[in-house]
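Trainee: next input, structure requested:
(2 chains)
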Amino acid sequence: MTTTTAGVLFALSLVAALVAVHKPFGDYLYRVVAGTRHARVERVVYRLVGVDPAAGQTWGVYARAVLAFSAVSILFLYAFQRVQNHLWLSLGFAPVVPHGAWNTAVSFVTNTNWQWYSGESTMGHLVQMAGLAVQNFVSAAVGIAVAVALVRGFARGRTGELGNFWVDLTRIALRVLLPVSVLGALVLMLGGVVQNLSAGTDVTTLTGAAQTITGGPVASQEVIKELGTNGGGFYNVNSAHPFENPTAWTNWLEIFLLLAIPFSLPRVFGRMVGQNRQGYAIAAVMAILAVASIALTNVFELAGHGTVPQAVGAALEGKEVRFGVSDSATFAAATTLTSTGAVNSFHDSYTALGGMMPLVNMMLGEVAPGGVGSGLYGMLVLAVITVFVAGLMVGRTPEYVGKKIGAREIKLASLFFLVTPALVLAGTAAAFATGNNSTALNAGPHGLSEVLYAVTSASNNNGSAFAGITVGTPWWNTALGLCMLLGRFLPIIFVLALAGSLARQVPTPATGGTLPTHRPLFVGMVVGVTVLLVALTFLPALALGPLAEGL
Amino acid sequence: MRLPTWLAQHLAALRALLVFTALLGLAYPLALVAAGRLPGLDARADGSLVTADGRTVGSALFGQAFTDADGDPVPRYFQSRPSAAGDGYDPTSTAASNLGPESVVDTLAADPAESTPSLLTQVCARSRAVGALNGVDGRRPYCTADGVGAVLGVFHRDGFTGPVTRVVSVNQTAPATPFVAAWQGVAVELARPGEDYVAAGAVIVPVRGDAPADPAVPADAVTAGGSGLDPHISPAYAELQVARVARERGADPAAVRRLVAEHTTGRVLGFLGEPGVNVLELNLALDRRLPAR
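Mentor: Take a look at the predicted model:
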């Protein structure tokens, strides 16, 4: 079997698995967020937290709960890193420097998991498992909760209430993320992923050199890193590390895990608004963009253009033998189509156009299928913008799943869309204006790509790195921390405000003049609007970086 | 006493965080550490350690540098891929090179130790060395015969256009011979250490040369992996090394080839990943079954 055939089968098997799983898993997710019964352990949690699970929250209260929880998390995680040298299992590592601790605290709370540091030489085991990995769970749960709140805005009418944040958070963490993680971690351990508290085993190699076999609670963190589309590796090289991703089949499983929830959430949307076909339309938009992107990344990497890949005979620099070129390219596309940002190969050494694809995926706003929750709410905002554009063409008040899209709704949707491009372009310009682009490893167009990639990854809460660029400086850590913070919470506030505004409306019955939003025509329009918005925003920046290098 | 709403909310947030830290940050990972003690899972949870003659020599999942104290290959062992982790295969400092596809111009300093080779020159130098070690042709496209990137800095009269005024082989310094004598009628000079020809306005032109399109030294032998710990080499790179290893051990090449086959894993289920040879396990088997005479 040729490499290309095997690579195509690899991608097709992922598609087949997701098609098989999205319905039952989506139905399960729906029952979790829509159910009215509280499990006994959950009632204990509510009592310990001191909240009334029956109380409904308006969008303002829901948003303040999200922000309060995230603010407390950032402070806690910051303090945790600063005192790690006094704690159990610190492995003798010093406290993390203040700007680094700020960056990492924001990074993990915002589901970005950008890493300026090298895991194996910076973070003790306790900070990893009780600090960082906890945020892997709860930041993912926050994303799903916000998406569910937006869907409730569409599904409900004549109410100010969007549900209860504490209930959503607890149920998603304990009923969805935890059980899948336990199961997934055990399977990964069978594949060779380590799970211990060892500080490392010193060995003498066959030729007499010293090597330290590192340890750590890796499996428990690895599984939620993918499932929650977090992406923060236990080790510096993330999923390229043999202890995080030891075999070709664990590689498949990790890609599957990071796509599983984002592709199941449209089903939840369809169920909650009472029209499954609306969910399928959203899933179709996501799938079209995702398949196109995965295919293009594979084509560019397998073609191997560029001087060094031509000299080598394949684009193999920064890629592991057990994964090969194709499965690495598929991982790169999947990790940036979602907001994961884990890597199993190093995008900086990709061909110019192959390395542009992860960048374009992030610039799409990570909606195909996007991060857990953030992908669905991003895509629903794009659907709202699309019905607005369509409404302008035919001169009717736009509607989406029975809700009128008026001036307030479209303003909120536009603000949501504008946040990340503004951060990306202003951030990149600021790096160049202040001379901080000088920490890039490569020169010329590739150096611009490195800076653009870093700011795009942070602002879109992806966290994957083109790498190469040194970002452990005070300026970069502070600036990227701000990008991550604003790129996460401004859109969340706009989405929840939109949800509140939709929930108050009286549902409009569909008439003969209503644009059907479940037909191929609408699917095609959303794809078109998404691609067009991105092209108009980012083409000049791309032309100076990867396009200049690759053409 | 009733707390202000904002304070009550932050208090709830703190309590929620502590509850989740206990459940998801302590109970969950520690339960899995305990599960990792189960027979059948424990060896893997501990890092798939491998032993030889009763001592631990590494992990089956980590590659090693099979080199001597000077960093030169030990010819009786199969050699791993190049590694960017620390000084090579250092698990406490895992890394990839992160050099881009157009990293083709070396930074040359007067003291060679201060120079930084481009990715292209690293590839060319590795190809030449692997070729020499295994007695095959180490030439590659875009490489000079002396093992650096074949790259010219071409100066034009009007910047990017106009007649060529000066040509420098940017990766070659004295006493080398330029890999081409002349370019568009202009004699090619050697580079002088410390000069930045790109900043001076040279157009960078990599020259393909006449090396075979399918070089004898395989791709994985001249590139660093993603982790710096890649435990595998391609079956092609293993095959390239069979004759040398057999000669060094005074063994029958067919016997060495059989051991390679035993340690080659194909694609999982026929289509996942790529075939690879686990180098540490192969070398351990060699020491056991075909010890050097």
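
Trainee: excluding its backbone neighbours, what's nearest residue A:434?
Mentor: residue A:475 (6.9 Å; Cβ to Cβ, 6 or more residues apart in numbering or on different chains). C-beta coordinates here come from the backbone N, C-alpha and C atoms, glycine included.

Trainee: isn't that neighbour up against residue A:438?
Mentor: No. If you go by Cβ atoms under 8 Å, residue A:475 and residue A:438 don't touch, sitting 10.7 Å apart.

Trainee: quick one, which of the two is more surrounded?
Mentor: residue A:475 (15 against 12; other Cβ atoms under 10 Å in any protein chain shown).

Trainee: tell me the secondary structure at the more buried one.
Mentor: The assignment at residue A:475 comes out as helix when based on DSSP: H, G, I helix; E, B strand; the rest coil.

Trainee: mind telling me which residue is nearest the centre of the chain?
Mentor: Picking chain A for this. Nearest to the geometric centre of chain A sits residue A:339, at 1.5 Å (Cα atoms, centre = their mean).

Trainee: switch to chain B, that's the one I care about
Mentor: In chain B, the centroid-proximal residue (Cα atoms, centre = their mean) is residue B:224; its distance is 1.4 Å.

Trainee: isn't it right next to residue B:80, touching?
Mentor: No. Applying Cβ under 8 Å, one finds residue B:224 not in contact with residue B:80, separated by 10.4 Å.

Trainee: excluding chain neighbours, what is closest to residue A:390?
Mentor: Ranked by Cβ to Cβ, 6+ apart and with sequence neighbours excluded, the top spatial neighbour of residue A:390 is residue A:515, at 5.4 Å.

Trainee: show me the residues around residue A:233 that make contact.
Mentor: Each residue near residue A:233 by Cβ atoms under 8 Å, 6 or more residues apart in numbering or on different chains is listed here: A:115, A:119, A:225, A:239, A:241, A:244, A:342, A:343.

Trainee: from these, which are also near chain B?
Mentor: By Cβ under 8 Å from any Cβ of the partner chain, the members of those lying near chain B are A:241, A:343.

Trainee: nearest residue to whatever residue of chain A ends up closest to chain B other than its sequence neighbours?
Mentor: Nearest residue of chain A to chain B: residue A:248, at 2.5 Å (Cβ to the nearest Cβ). Leaving aside its sequence neighbours, residue A:248 sits nearest to residue B:273 (Cβ to Cβ, 6+ apart; 2.5 Å).

Trainee: check residue B:60 too.
Mentor: Residue B:60 sits nearest to residue B:48 (Cβ to Cβ, 6+ apart), 4.4 Å away.

Trainee: hmm, the one you found is touching residue B:59, no?
Mentor: Yes. The pair residue B:48 / residue B:59 is scored as a contact, 5.3 Å apart, by Cβ under 8 Å.

Trainee: neighbour count for those two, which is higher?
Mentor: Remark: of residue B:48 and residue B:59, residue B:59 carries more neighbours, 27 against 19, as counted by other Cβ under 10 Å.

Trainee: phi first, then psi, for the more buried one.
Mentor: For residue B:59, the backbone dihedrals (degrees, to the nearest 10) come out as phi -120, psi 140.

Trainee: quick one: contacts for it?
Mentor: For residue B:59, counting by Cβ under 8 Å, 6+ apart, the contacting residues are A:213, A:242, B:47, B:48, B:49, B:50.

Trainee: in contact with the closest residue to chain A within chain B, which residues?
Mentor: Going by Cβ to the nearest Cβ, chain A is nearest to residue B:273 of chain B, at 2.5 Å. Contact analysis of residue B:273 by Cβ under 8 Å, 6+ apart lists A:247, A:248, A:249, A:251, A:322, A:323, A:324, A:327, B:267.

Trainee: from those, which single one is nearest residue B:177?
Mentor: For the contacts of residue B:273, the residue nearest residue B:177 by Cβ to Cβ is residue A:324; the value is 38.5 Å.

Trainee: these two touch, right, that closest one and residue B:268?
Mentor: No. Between residue A:324 and residue B:268 there is no contact under Cβ under 8 Å: 11.7 Å.

Trainee: of the two, who's got more company?
Mentor: residue A:324 (28 against 15).

Trainee: quick one: residue B:94 from residue B:101, how far?
Mentor: From residue B:94 over to residue B:101 the distance is 22 Å, taken as Cβ to Cβ, to the nearest Å.

Trainee: ok, the contacts of residue B:273 vs residue B:127, which is closest?
Mentor: Nearest to residue B:127 out of these is residue A:324 (Cβ to Cβ; 20.2 Å).

Trainee: what sits against the closest one?
Mentor: By Cβ under 8 Å, 6+ apart, residue A:324 lies in contact with A:3, A:6, A:7, B:273, B:274.

Trainee: list, one by one, the residues from the stretch 151-293 of chain B near chain A.
Mentor: Residues of the stretch 151-293 of chain B lying near chain A (Cβ under 8 Å from any Cβ): B:198, B:206, B:208, B:213-215, B:218-220, B:222-234, B:267-274, B:276, B:280, B:283-284, B:287.

Trainee: mind giving me the PyMOL select for the residues you listed, buried ones only?
Mentor: Here is the PyMOL selection string for the buried members of these, based on 16 or more other Cβ atoms under 10 Å in any protein chain shown:
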select buried, chain B and resi 206+215+218+219+220+222+223+224+225+226+227+228+229+230+231+232+233+234+267+271+272+273+274+276+280+283+284+287
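
Trainee: what are the buried residues along stretch A:178-190?
Mentor: Across stretch A:178-190, burial judged by 16+ other Cβ under 10 Å covers A:178, A:180, A:181, A:184, A:185, A:186, A:188, A:189, A:190.

Trainee: what's residue 86 sitting at in phi/psi?
Mentor: You didn't say which chain, so I picked chain A. When quoted as degrees, to the nearest 10, the phi and psi of residue A:86 stand at phi -90, psi 0.
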